[in-house]
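Chemist: Okay, here's the prediction I keep looking at, along with the sequence it came from:
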Amino acid sequence: MKSKFRKKNIIVRCAADLFLPLACTFGCYVVLHGNTSPGGGFQGGVLVASAILLVFLGHGGTRVKDSFSSKLLHSSETIAEIMYVVIALLGIFTGLNFCVNFVFAGQELETSILMNDAVGYHVMAGIACLLIMMLSTLEPEDKEQDAPSEEKEVAPK
Amino acid sequence: MKLKNILFTIALAILMICGVYASILMAGSEPTYDGTKTDVVALYEDPESYDNSQADGVASIIVNENLDKTAAQNVVFSVVFNFRGYDTMGESFILIAAIAGSLVILRKSVKGTKEAPEQKEEEEA
C-alpha cells in the first residue's frame, strides 16, 4: 500500500475514462430495450459489468477495491433473484400460469419487462462481484505481510 | 429433530403424489405436436416464403399468437421470459451457484488482503 501505487499511462487512463460512461449507458440501453430489440438481461448485464475491467485497466487494482464493494454486489444479486421469482409468482396467485402477463393484458406493457430488468441487475451484480474477486488475486501483497505483523504485536501494548 | 424429520417426509410425500398425478394426466392426454406438418427442408431452402400457418403444437402458438398472449414485439424475448420462464429462473440460479463456488475458491487470497486495513486502523488509533 505504501508508495506502491503506480500511475498508468495517460493514453490508457484517458481511454478508460472516455469509454466508461459509454459502456455503462450502452449496457443499460440493451437491458431496458430487451423487449423490442435483440439482447436482453444477460447480455446487457455483462456489458455493464465490463466497467470494472475498464476501471482496472485505467486506474489499477487498488482503485477497484476502493470504489466497488463486493459484499453489496453479492447481496444485491440475491435480491434481484428474489425479485424475479416474486414477479413471476404473481401470475400464479391470480389464477394463471407462471410468468404470465396478467396486469397489462392486451396492452403494450407487460410484467416480463420487470423480470428482464431483474435478470439484468442480477447478472450485472454477479459478474461484477466475480470480476472483483478475480482481479484481487492479481495483486498479491506477500511482501508486506512480514513487516506489519511486527507492528501488530507492538500496537496492543 | 423428530418433528423436523416427520415434516420433511410429509412434504416429500406430497410432492411425490403431485408429481405422480401430473405424470398420469400427461400420459393420458393427447400429444400436442407430432411434427408431420413441419417441412424442415423447405424451411432451410427458402425461409422467407415458408408458410408457418400449418404448424401445430407449441410452435404455432409461439409464432402466430405471440402478440395476443404477450405484449413483446420480439419473439425471442417472449420465449425467454414468458413461454420458458422456468428456464430463465434456472439459469439465474446456476449463475448464483457458479459465483458462490468461485468465491469459495478465491477466498484464501482475499483473507491476506483483509488484514491490511485492520492494521491501518490500529496504527491510526
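Modeler: Noted; the coordinates are in hand. Treat the numbers as computed from the prediction; the structure is a model and nothing was measured. Numbers count the residues shown, from 1 in each chain, chains lettered A, B, ... in the order given.

Chemist: so who does the closest residue to chain B within chain A touch?
Modeler: As assessed by C-beta to the nearest C-beta, chain B sits closest to A:Cys99 within chain A, at 2.8 Å. All C-beta spots, glycine's among them, are computed from the backbone N, C-alpha and C. Taking C-beta atoms under 8 Å, 6 or more residues apart in numbering or on different chains as the criterion, A:Cys99 is in contact with A:Ala88, A:Gly91, A:Ser112, A:Met115, B:Phe81, B:Asn82, B:Gly85, B:Tyr86.

Chemist: And stretch B:96-108, how far out from the chain middle?
Modeler: The gap between where stretch B:96-108 is centred and where its chain is centred comes out at 22 Å by C-alpha atoms, centre = their mean, to the nearest Å.

Chemist: Secondary structure element holding A:Cys129?
Modeler: Using DSSP states H and E, A:Cys129 falls within helix A:112-136.

Chemist: what about the longest helix in chain B?
Modeler: Ordering each helix of chain B by length in residues (DSSP state H) puts helix B:2-28 first.

Chemist: Look up which helix or strand the residue of chain A closest to chain B falls in, please.
Modeler: Counting by DSSP H and E, no helix or strand carries A:Cys99.

Chemist: Excluding sequence neighbours, find me the nearest residue to it.
Modeler: Counting by C-beta to C-beta, 6 or more residues apart in numbering or on different chains, A:Cys99 lies nearest to B:Gly85, which is 2.8 Å off, once chain neighbours are set aside.

Chemist: distance of that neighbour from A:His33?
Modeler: Using C-beta to C-beta, to the nearest Å, B:Gly85 is found at 20 Å from A:His33.

Chemist: same deal with B:Ala27?
Modeler: To A:His33, B:Ala27 is 43 Å away according to C-beta to C-beta.

Chemist: So if I had to pick from these two, which one is more boxed in?
Modeler: A:His33 (17 against 7; other C-beta atoms under 10 Å in any protein chain shown).

Chemist: how about the nearest residue to that one, chain neighbours excluded?
Modeler: Nearest in space to A:His33, with sequence neighbours left out and distances taken as C-beta to C-beta, 6+ apart, is A:Gly39 at 7.1 Å.

Chemist: Ok, B:Leu106 next?
Modeler: Setting aside the residues directly before and after it, B:Leu106 is nearest to A:Met133 in space (C-beta to C-beta, 6+ apart), at 4.7 Å.

Chemist: What ranges does chain B have for its helices?
Modeler: Using DSSP H, the helices of chain B run over residues B:2-28, B:40-45, B:58-64, B:66-69, B:75-78, B:85-105, B:107-124.

Chemist: Out of those helices, which one sits most buried?
Modeler: helix B:75-78 (a mean of 19; mean count of other C-beta atoms under 10 Å in any protein chain shown).
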